[in-house]
Each structure stands twice: as structure tokens, then as C-alpha cells.
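Sequence and predicted structure below; questions after.
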Amino acid sequence: MHVAHLTLHDFRSYVDLDVPLGPGVSAFIGRNGQGKTNLVEAIDYLARLASHRVAGEAPLVRAGADQALVRAAVVRDGRTAVLEVELNPGRSNRARINRSPLPRARELLGLVRTVIFSPEDLALVKGDPSDRRRFLDDLLVLRAPRLAGVRSDYDRVLRQRNSLLKTAGAARRGSSSQDGALSTLAVWDEHLARVGGELLSERLRLVDALRPYVGKAYETVARGASRDDADIAYRPSLALAVEGEAVPADRAALEGLLLAELERRRNDELDRGISLVGPHRDDLLLTLGTADARLPVKGYASHGESWSFALALKLASYDLLRSDGDDPILILDDVFAELDGERRRQLADLVAGAEQVLVTAAVAADVPESLAGTRYVVADGEVRRDG
Ligand SMILES: Nc1ncnc2c1ncn2[C@@H]1O[C@H](COP(=O)(O)OP(=O)(O)OP(=O)(O)O)[C@@H](O)[C@H]1O
């Protein structure tokens with residue numbers, strides 16, 4: 001797939017932008033702070049309805065404006081659709097396809113697929129578990145857009161259950177009756193186990209599917225590495241076994257495990273007033289080394305190894321989406337400055353075959369020759385074709 005035309009209105013630093021794009025490589029070159037990332041962020045936003053840089057919509061709307069608009073003509077299998085999203089911070093966003101409004105903006109998900117490489121990816125390795133959970137969940141939704149509903153249902157159930165735990169815990173500490181709260185809690189346990197079991201099962205399956213691609217990708221981007229060096233494993237907040245026997249990764253079995261664990265941890269949860277069990281407490285463990293000497297990347301790996309691992313995770317997700325028969329738009333935002341000449345060429349060779357690659361760089365010479373493509377100059381709020 002590729003974006004054939006991008007229109008922005010009051011998005012980030014752009015008042016109005018109208019830029020035709022084509023398949024193949026487009027490289028956006030400009031001095032720091034000219035709006036290169038803002039442009040590719042807009043396309044990535046259409047794919048995920050979230051930014052890779054900030055939480056929430058407010059920073060995406062131009063300072064002083066009330067709303068922003070991102071519109072893109074997207075070509076997939078020879079057919080063009082015009083996708084549009086209006087960002088309304090504090091209110092719901094609106095989306096349209098070919099000018100027809102959609103009941104919910106979420107229905108845009110899955111129509112554009114992107115894989116973005118950016119300096120923020122380092123948080124995948126060095127950041128909190130929430131950064132890695134977001135990576136997994138974003139990839140889940142890209143592969144199966146209906147899971148956006150499961151993800152938001154889980155967040156809602158968790159919020160409700162946490163507030164109930166606070167109330168019931170406070171009643172218990174004040175020795176007042178908690179009967180009502182406890183019976184309501186049992187209902188929310190069931191919700192959490194049902195939606196959580198589904199999310200957990202999807203994540204486990206995803207990690208299984210992604211794993212073989214991670215070693216291969218790390219070998220490509222890390223100097224002197226072999227494909228067995230890098231590995232990933234899902235680290236759940238509860239043991240996925242009963243009497244030493246691993247439980248299958250299906251939702252019903254996981255739902256049962258979650259319910260039992262919620263019951264077991266009930267007192268802890270009431271004491272602390274938060275949900276201690278469920279996919280919101282899980283992590284993706286990243287390790288490097290040989291079978292007998294394997295170390296977690298976080299806290300042990302060098303800066304170069306960490307950066308290579310982050311790139312490898314993104315490259316692996318790109319390979320996985322391709323193996324599904326998809327051809328996501330690849331965005332390489334400011335990544336070449338971080339790599340030496342050999343790694344630049346290797347990464348460039350790997351991505352050059354994608355239907356559309358969007359590259360940003362402050363210095364044209366940082367973009368490898370094989371990604372020459374079409375060059376655009378980004379300056380003073382404008383984007384024009386170079387030459
Ligand atoms: N909501 C907003 N309203 C107005 N201007 C904004 C908004 N958000 C970001 N900007 C401006 O956009 C500019 C940053 O643009 P962007 O991140 O695209 O830069 P860049 O060209 O990628 O630079 P670099 O090469 O340093 O990464 C900054 O000058 C910032 O002040």
C-alpha cells in the first residue's frame with residue numbers, strides 16, 4: 001500500500017499542507033525542527049490513531065487551533081480510498097472514508113498499516129514494561145483491527161475495577177460493610193478475566209509468531225551478531241501452569257487461570273487498591289547472549305546493542321506483517337544518523353523492496369544511496385520536491 005496524497009490542516013507545525021507522494025522511496029530532508037517528523041507522524045497517526053511521540057491528541061493540534069485534520073489518499077491493490085481524521089482534543093475524533101462519516105474513528109484502524117522506526121524506539125528496550133506492552137498491542141491491532149475493541153474494553157474494565165477496589169479496601173479498613181462492594185467486585189473479576197484472557201491469549205500467540213523474526217533481524221542490524229543472540233519471551237504476571245503443566249494459550253484456559261489468581265490475590269488487591277493480576281502487569285522480556293549465558297537487555301546491554309535490539313523488534317514486526325501478505329508503509333524517521341555506514345546500507349537494502357518507504361533526515365548525505373528515491377525539502381512549513 002502507499003499514500004498517494006497527504007493533506008494536513010493545523011496538524012503540529014503545519015497550517016496547510018498538500019503534498020503528492022508516490023510509491024517507492026520519498027526522502028524528506030531539512031534542518032532540525034522544520035517539520036519532517038510532523039509529516040510522517042501524521043501518516044503513522046492514520047494507521048494507529050495514536051502518535052509515536054506523545055500520549056493524547058493536544059500536542060498534535062497546532063498551537064492556537066482547536067482541531068487538526070489529516071487526510072490521505074491511500075492506494076491498496078490498485079484501489080484508492082480517501083481517509084480522513086479530524087482530531088478534537090478533549091472530544092471524540094471524527095473519521096471519514098471517501099467523505100462518508102464513520103460511526104467511530106476506530107473504524108479507520110487497519111486501513112493504513114505503517115511500521116515506524118524512530119529514535120523513540122529506544123524506549124522499547126530501556127523504557128517501562130508499558131512501552132513494550134504498547135508495542136505488542138499496536139502490532140496486534142495492526143494485524144487484527146477488531147482487537148482495538150478488546151484493548152479498550154480491557155482498559156475500561158481495569159479502571160472500573162480499580163476504583164471499586166479502592167472503595168472496598170477503604171470500607172474494609174474503616175470496618176464498615178463491604179458486602180455490596182465485594183459482590184460487585186466478583187462481577188468485575190469475571191469481566192477482567194474474560195477480556196484479559198482474550199488479550200493474553202492474543203499476545204502469547206503474537207510473541208510466538210514474532211520470535212523467529214527477532215533473531216534474524218538482530219543479526220542483520222548488529223555487527224558480528226548471530227541469529228541466536230537475541231530472543232524475546234512473554235513474561236506474564238501469573239504462572240501460566242497448573243501443577244507444573246503449562247496451560248494452553250487459549251482464551252478459556254487463560255480466563256480460568258486469571259479468575260483463580262484474582263481470587264488468590266484478593267486480600268493484596270484490597271490492601272493496595274489496585275488490580276495486581278492481568279495483562280496490564282505483564283512484560284516482554286528481551287535477552288541477548290548464548291543459551292548458557294543469557295542476560296536481559298534492560299540494565300545490561302550497551303547503548304549500541306540496545307539500539308540494535310530496538311531496530312530488530314521493529315524490523316521483525318515489519319517481516320511478520322509481510323508474512324501475513326501485507327505490505328505496510330515503512331517510515332524511517334531520523335534513524336540513519338544513529339547507524340554507521342555498514343548498518344545504514346544493510347537496513348536500506350532490507351527496506352528498499354517495500355511498496356512505500358518514507359525517510360526523514362537532517363542531512364541528505366546520511367540517507368544511503370540505495371534509498372535515493374524522490375527527495376523533498378522541508379523548510380518554513382512547506383514541503384517541496386527537490387529538483
Ligand atoms: N502543536 C504544535 N503547534 C505548533 N508547532 C508545533 C507543534 N508541535 C510541534 N511543533 C513544532 O514543530 C517543530 C518540530 O517539528 P519536527 O519534530 O517535525 O522536526 P524535524 O524536522 O523532524 O526536526 P529534527 O531533525 O530535529 O528531528 C518544532 O519547531 C515544534 O515547535
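Nice, thanks for sending it over. Numbering: from 1, shown residues only.

going forward, measure contacts between C-alpha atoms and count neighbours the same way
Fine.

wait, isn't Lys166 in contact with Ile274?
Yes. Assessed by C-alpha atoms under 8 Å, Lys166 is found in contact with Ile274 at 7.0 Å.

What's the separation between the residue of the stretch 51-200 of the chain found nearest the ligand and Ile116?
Closest to the ligand within the stretch 51-200 of the chain is Arg62: 3.4 Å, counting by C-alpha to the nearest ligand atom. As judged by C-alpha to C-alpha, to the nearest Å, Arg62 and Ile116 stand 22 Å apart.

Tell me which of these two has more neighbours.
Neighbours were tallied for Arg62 and for Ile116 using other C-alpha atoms under 10 Å; the higher tally belongs to Ile116 (26 against 17).

any idea how far the ligand is from Ser370?
21 Å (C-alpha to the nearest ligand atom, to the nearest Å).

what about that residue, neighbour count?
13.

what does Ser183 give?
Other residues close to Ser183 by other C-alpha under 10 Å number 11.

Which of the three states applies to it?
When classified by DSSP: H, G, I helix; E, B strand; the rest coil, Ser183 comes out as helix.

In terms of pLDDT, where does it sit?
With respect to pLDDT, Ser183 has a value of 80.

Show me what from the stretch 1-150 of the chain comes close to the ligand.
When proximity is defined by C-alpha under 6 Å from any ligand atom, the stretch 1-150 of the chain lies next to the ligand at 12-13, 31-38, 59-63.

Kindly recompute the last result at 8 Å.
The stretch 1-150 of the chain has residues 10-14, 30-39, 58-64 near the ligand, with proximity defined as C-alpha under 8 Å from any ligand atom.

Buried among those? Make that a PyMOL selection.
Here is the PyMOL command that selects the buried residues among these (16 or more other C-alpha atoms under 10 Å):
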select buried, resi 10+11+12+13+14+30+34+35+36+37+38+39+58+60+61+62
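
among the residues of the stretch 1-150 of the chain next to the ligand, which are in helices?
Residues of these located in helices (DSSP state H): Lys36, Thr37, Asn38, Leu39.

Isn't Ala312 up against Ala217?
Yes. Contact criterion C-alpha under 8 Å: Ala312 and Ala217 qualify, at 4.8 Å.

What values do phi and psi take at the residue of the stretch 51-200 of the chain closest to the ligand?
phi -60, psi 130 (degrees, to the nearest 10).

what's the answer for Asn267, then?
Torsion angles, degrees, to the nearest 10, at Asn267: phi -60, psi -40.

What residues does the residue in the stretch 151-300 of the chain that the ligand sits nearest to make contact with?
At 22.0 Å from the ligand, Val221 is the closest residue in the stretch 151-300 of the chain, using C-alpha to the nearest ligand atom. The contact partners of Val221, taken as C-alpha atoms under 8 Å, 6 or more residues apart in numbering, are Ser308, Leu311, Ala312, Arg343, Gln346, Leu347.

pLDDT score assigned to the second one?
Pointing back at Leu311 there. Leu311 carries a pLDDT value of 91.

Can you say which helix or strand has it in it?
Using DSSP states H and E, Leu311 falls within helix 303-323.

what do you get for the fifth one?
Take DSSP H and E as the rule and Gln346 turns out to sit in helix 341-351.

what is the mean pLDDT for the next helix or strand after that helix?
Using DSSP H and E, the helix or strand that follows helix 341-351 towards the C-terminus is strand 356-361. Mean pLDDT, strand 356-361: 95.

now strand 356-361 against helix 341-351, angle please.
160 degrees (axes from the mean of the first three to the mean of the last three C-alpha atoms, to 10 degrees).
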